[in-house]
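Chemist: Give the three-dimensional model of this entry:
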Amino acid sequence: MASARTARPSRRLVGTVVTASLGLASLVGAALVRPAQAVAPAATRTPSAAAVVDREPARPNPRIAPAAAPVRPGFGPGASGSGVREVQRRLRVSPVTGFFGPATRAAVARFQASTRLPADGWVDWTTYQRIMRLPVPKAAAAPTATATAAARSSASASRSRTRTVPSGAMVCPAPGARFTDDFGDPRSGGRSHQGIDLLGRRGQPLLAIESGVVVRAKVSTLGGLSVTLQGRSGAKYFYTHNDRNLVVTGQRVTAGQTIALMGDSGNAKGTVHLHFEWWRSGAEGAAVNPYPLLRSLC
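Modeler: You can find the predicted model right below:
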């Protein structure tokens with residue numbers, strides 16, 4: 001009888017333990033499920049400002065169709081190249097990566113707001129002009145009939161492959177382009193700027209500064225399409241980041257002849273301009289500041 005009485009409490013105890021175990025298991029399961037549901041997806045989390053770094057994607061996702069190129073002047077998110085690097089340096093975006101991402105866009109928008117420009121984070125000509133501290137051209141007066149006729153004549157001359165100039169004369173290599181004295185400015189990798197950047201429009205004619213011979217017309221990774229011209233004076237001139245070369249190595253040209261078209265090839269993607277170097281002695285790479293020369297011609 002004692003043994004039977006002892007057995008009954010044991011069965012009740014076992015049942016209690018089993019019930020408690022099942023309850024504990026359900027609580028643990030709920031605890032494991034609820035936090036997972038509470039955590040926001042990684043795509044919706046907002047990183048801190050300090051963690052944002054503009055880095056170009058190493059490889060685009062082939063399943064995602066690329067966005068259509070914006071039909072507006074300048075450059076913005078997704079652009080890369082030397083123009084983006086210069087904007088990042090001027091606005092102190094760190095690190096300088098050469099890729100236009102969220103950090104660069106935020107810095108551009110802040111700069112625009114501080115200078116009373118539309119703060120859309122897009123680098124148009126006016127924004128670029130102020131970031132780079134380029135001179136602001138004065139507003140032109142309303143064109144007269146004579147000025148209109150002169151403009152038409154000038155446009156016709158620009159379309160011509162060769163401009164008529166006196167023998168031995170020199171011409172502006174990129175008429176109408178905007179430029180400032182940025183010779184010697186720091187560049188990535190400890191380099192310094194060995195030329196002058198003349199900003200214009202894609203496809204703008206680039207002219208032979210003087211009569212001579214094309215020493216080299218080639219393409220490279222850094223400069224893209226380039227032309228090296230040796231003039232009758234013995235000096236050499238280097239045109240690079242071209243959209244198209246219209247001459248070949250060994251070809252003789254005359255002053256004012258269109259030898260290339262302005263572009264953003266090489267590492268200048270996103271910033272259409274002519275990088276122009278003047279090797280006055282004729283020794284390649286022995287660059288001198290061409291700003292005074294360009295000011296006298298352009």
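
Chemist: Tabulate the CA atom coordinates of stretch 115-130 in CSV.
Modeler: Output in CSV follows, covering the C-alpha atoms of stretch 115-130 (Å, rounded to 0.1, in the frame of the first residue of the first chain):
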residue,chain,number,x,y,z
THR,A,115,25.6,80.0,-52.1
ARG,A,116,21.9,80.5,-52.7
LEU,A,117,21.7,78.0,-55.6
PRO,A,118,18.9,75.4,-56.0
ALA,A,119,20.1,72.7,-53.6
ASP,A,120,19.4,69.6,-55.8
GLY,A,121,22.9,68.1,-55.4
TRP,A,122,23.5,68.2,-59.1
VAL,A,123,26.7,69.8,-60.4
ASP,A,124,25.6,72.0,-63.3
TRP,A,125,27.8,74.7,-64.9
THR,A,126,26.9,77.4,-62.4
THR,A,127,27.6,75.1,-59.4
TYR,A,128,30.9,73.8,-60.9
GLN,A,129,31.9,77.4,-61.7
ARG,A,130,31.5,78.5,-58.1
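
Chemist: Would you indicate which residues of that stretch are buried?
Modeler: For stretch 115-130, burial by neighbour count (16 or more other Cβ atoms under 10 Å) applies to Gly121, Trp122, Val123, Asp124, Thr127, Tyr128, Gln129, Arg130. C-betas here are computed from N, CA, C, even on glycine.

Chemist: what about the stretch 1-150 of the chain, any weak spots by pLDDT?
Modeler: 1-51, 57-73, 81-82, 129, 133-150 (pLDDT under 70).

Chemist: and the buried residues of stretch 115-130, which two are the farthest apart?
Modeler: Spatially, the most separated pair among the buried residues of stretch 115-130 is Gly121 and Gln129, at 16.4 Å (Cβ to Cβ).

Chemist: Redo the buried residues of stretch 115-130 as JSON lines? Include secondary structure.
Modeler: Listed next are the buried residues of stretch 115-130 as JSON lines, based on DSSP: H, G, I helix; E, B strand; the rest coil:
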{"residue": "Gly121", "secondary structure": "coil"}
{"residue": "Trp122", "secondary structure": "coil"}
{"residue": "Val123", "secondary structure": "strand"}
{"residue": "Asp124", "secondary structure": "coil"}
{"residue": "Thr127", "secondary structure": "helix"}
{"residue": "Tyr128", "secondary structure": "helix"}
{"residue": "Gln129", "secondary structure": "helix"}
{"residue": "Arg130", "secondary structure": "helix"}
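
Chemist: and which of those residues is nearest to Leu199?
Modeler: Once Cβ to Cβ is applied, the member of the buried residues of stretch 115-130 that ends up nearest Leu199 is Tyr128, at 7.8 Å.

Chemist: Not counting sequence-adjacent ones, nearest residue to that closest one?
Modeler: Gly74 (6.5 Å; Cβ to Cβ, 6 or more residues apart in numbering).

Chemist: With that, I have no additional questions.
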